[in-house]
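# got a sequence here, can you build the structure:
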Amino acid sequence: MKKLSLALLAASAALSAQASDVTLYGVLDTALTWQYRENVAGTDSSTVQMISGQYIGSRFGIKGEETLENGLKVGFVLENGYGTDTGTLGQGGRLFGRDARLYLDGDFGYLSFGRMGSMVGGNGPYARFGHVVSPFSCGWGNIGGHLQVVSLGYEFIDNAVAYTTPAFAGVDATVQYSFGTDSKNYAEGATEGKSSVERLLSGAVRYRNDNLMVAFGIETINQAQPQADKNGLDDSISYNLGANYNAGWAKFFFYTQIFENYASAAKTTTFSLAGGVDGYGVNVGVEVPAFGGAVKAGIGYGDFEGSREDKLTMDTIQAAVGYTYSLSRRTTFYTAAGWIKSDYSNEYEALKPQAVEDDYEFTFGLVHKF
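Numbers count the residues shown, from 1 in each chain. Reported below is the predicted structural model:
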């Protein structure tokens, strides 16, 4: 009788999943990474660590979709991030920190509500400046990627609504708004949708054909008050241009950004000031099929200064090479090496003697998708 009950429960679950068109999926990414750092104070450090999500963020997700009689699709995505090295939840311990979204998809376009990846980022359906503009996306950990040489905004945002138009002659447009970007960091007494929390507005126009993709976007962040005024931090804005071109024998990538009043910039040798950071960055890369897999290379340059203190500066250059090899349809081996060199003004070195001047890294790992 117990076996029959279990069988009926399993059958019921399978039928329910089929009726709702529900899919379970996930990614496990684990790597060993060596890092060597030198800072402006003259000291150095070396570490070897097991790290999750170096190439692709480890995740587990549930998604489902229903098609209504008029052809309108209604769906959901619930996706968490976690560490395969520790088993802990990512994104500040959120249960569904990567995606918690309800969407409508129809002839009018694609509309979503909830927590999702930001437009100036590399995750989710509204991201316009991630893996499509760099062979290392936003970075394989601290190796490569354009976030090494541009501002640091939000990877994921809470309380968001986003919309992408249908494509006309290869062109579509996207707009995204958050009523409160990070609910875990609201100040005491802060209220979603009010000036007491950070709010984000971004928009992009994209063109795509079989070989070429070009996107231009603007992101603005309304800083939370009154703390931003106390720090002298104005509202942030960035102008973003990215592209890729597939020549057949190789795929080429380009990304550049000009920005003002971000709290920090440069993912690894982070340049951060309470009063904000201004600057620009450029990153180029290439991916070439070779040795049964793909060889990747990229180089970037960033130039930053304090929004209110222009004597506090950092110039940074980064270079990276990598290789991926598919062991099966679901499993991929990867390896990469990177170097980042940052030069600071004397004033900044005096302010932050532990700032990193040189960063060398090497990693290799496995990704398995299910």
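
# all contacts plus neighbour counts: C-alpha atoms, from now on.
OK.

# after the top strand by length along the chain, which helix or strand is next?
The longest strand of the chain (DSSP state E) is strand 271-290. Next in sequence after strand 271-290, counting helices and strands by DSSP states H and E, comes strand 293-306.

# tell me how many other residues crowd T313.
T313 has 21 neighbours, counted by other Cα atoms under 10 Å.

# pLDDT value on it, please?
pLDDT recorded at T313 is 98.

# same deal with N70?
89.

# helix, strand, or coil at it?
When classified by DSSP: H, G, I helix; E, B strand; the rest coil, N70 comes out as coil.

# distance of it from Q354?
60 Å (Cα to Cα, to the nearest Å).

# higher neighbour count, those two?
Between N70 and Q354, Q354 has the larger neighbour count (other Cα under 10 Å), namely 15 against 7.

# about what we covered before: strand partners (parallel or antiparallel) of the longest strand of the chain?
Here strand 271-290 is paired, per DSSP bridges, with strand 251-265 (antiparallel), strand 293-306 (antiparallel).

# in a markdown table: the ones you listed, plus mean neighbour count, mean pLDDT and distance to R101.
Shown next, in a markdown table, are the strands paired with strand 271-290 (neighbours: other Cα atoms under 10 Å; pLDDT from 0 to 100; distance: least, Cα to Cα, whole Å):
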| stretch | mean neighbour count | mean pLDDT | distance to R101 |
| --- | --- | --- | --- |
| strand 251-265 | 23 | 97 | 27 |
| strand 293-306 | 23 | 98 | 33 |
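
# can I get those strands in a markdown table with distance to Y110?
Below are those laid out as a markdown table (distance: least, Cα to Cα, whole Å):
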| stretch | distance to Y110 |
| --- | --- |
| strand 251-265 | 25 |
| strand 293-306 | 32 |
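
# and stretch 180-195, how far out from the chain's middle?
Remark: stretch 180-195 is offset 22 Å from the chain centroid, using Cα atoms, centre = their mean, to the nearest Å.

# so for that stretch, mean pLDDT?
94.

# can I get the CA coordinates of it in PDB?
What follows is stretch 180-195 as a C-alpha-only set of coordinates in PDB (Å, rounded to 0.1, in the frame of the first residue of the first chain):
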ATOM      1  CA  GLY A 180      14.200  49.900  -4.700                       C
ATOM      2  CA  THR A 181      17.300  48.100  -5.900                       C
ATOM      3  CA  ASP A 182      18.500  46.200  -2.800                       C
ATOM      4  CA  SER A 183      15.900  45.600  -0.100                       C
ATOM      5  CA  LYS A 184      18.500  44.000   2.200                       C
ATOM      6  CA  ASN A 185      20.400  47.300   2.400                       C
ATOM      7  CA  TYR A 186      17.500  49.700   3.000                       C
ATOM      8  CA  ALA A 187      18.300  52.200   5.800                       C
ATOM      9  CA  GLU A 188      16.100  52.100   8.900                       C
ATOM     10  CA  GLY A 189      12.700  53.600   8.100                       C
ATOM     11  CA  ALA A 190      13.400  53.700   4.300                       C
ATOM     12  CA  THR A 191      10.400  53.000   2.000                       C
ATOM     13  CA  GLU A 192      10.400  51.400  -1.400                       C
ATOM     14  CA  GLY A 193       9.600  53.800  -4.100                       C
ATOM     15  CA  LYS A 194      10.700  56.800  -2.100                       C
ATOM     16  CA  SER A 195      14.000  58.800  -2.100                       C
END
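
# buried sites along that stretch?
Buried positions in stretch 180-195, judged by neighbour count with 16 or more other Cα atoms under 10 Å: G180, T181, D182, S183, Y186, A190, E192, S195.

# tell me the helix or strand right after the helix-or-strand element of the chain with minimal mean pLDDT.
Lowest by mean pLDDT, DSSP states H and E among the helices and strands of the chain is helix 2-20, with a mean of 42. Downstream of helix 2-20, the next assigned helix or strand under DSSP H and E is strand 22-39.

# and that next one, which strands flank it?
strand 44-52 (antiparallel), strand 59-67 (antiparallel), strand 356-369 (antiparallel).

# residues making contact with the last one?
Spelled out, it's strand 356-369. Contact with strand 356-369 is made by 25-40, 54-56, 142-143, 269, 330-343, as judged by Cα atoms under 8 Å, 6 or more residues apart in numbering.

# show me which residues of it are buried.
356-369.

# farthest pair in those?
E357 and K369 (36.4 Å; Cα to Cα).

# I'd like to know how many residues surround the spatially closest residue to W34 that is not a sequence neighbour.
Using Cα to Cα, 6 or more residues apart in numbering and skipping the chain neighbours, the partner closest in space to W34 is V48 (4.4 Å). By the measure other Cα under 10 Å, the count of residues near V48 is 13.

# who touches V48 in this structure?
Taking Cα under 8 Å, 6+ apart, one finds L32, T33, W34, Q35 in contact with V48.

# same check, this time on G83
Applying Cα under 8 Å, 6+ apart, the residues near G83 are I51, S52, G53, S58, L89, G90.

# what is T335 paired to in the beta sheet?
Note on T335: beta-bridge partners Y323, F364, judged by DSSP bridges.

# wait, isn't S326 in contact with A294?
No: S326 lies out of contact with A294 (Cα atoms under 8 Å); the separation is 9.2 Å.
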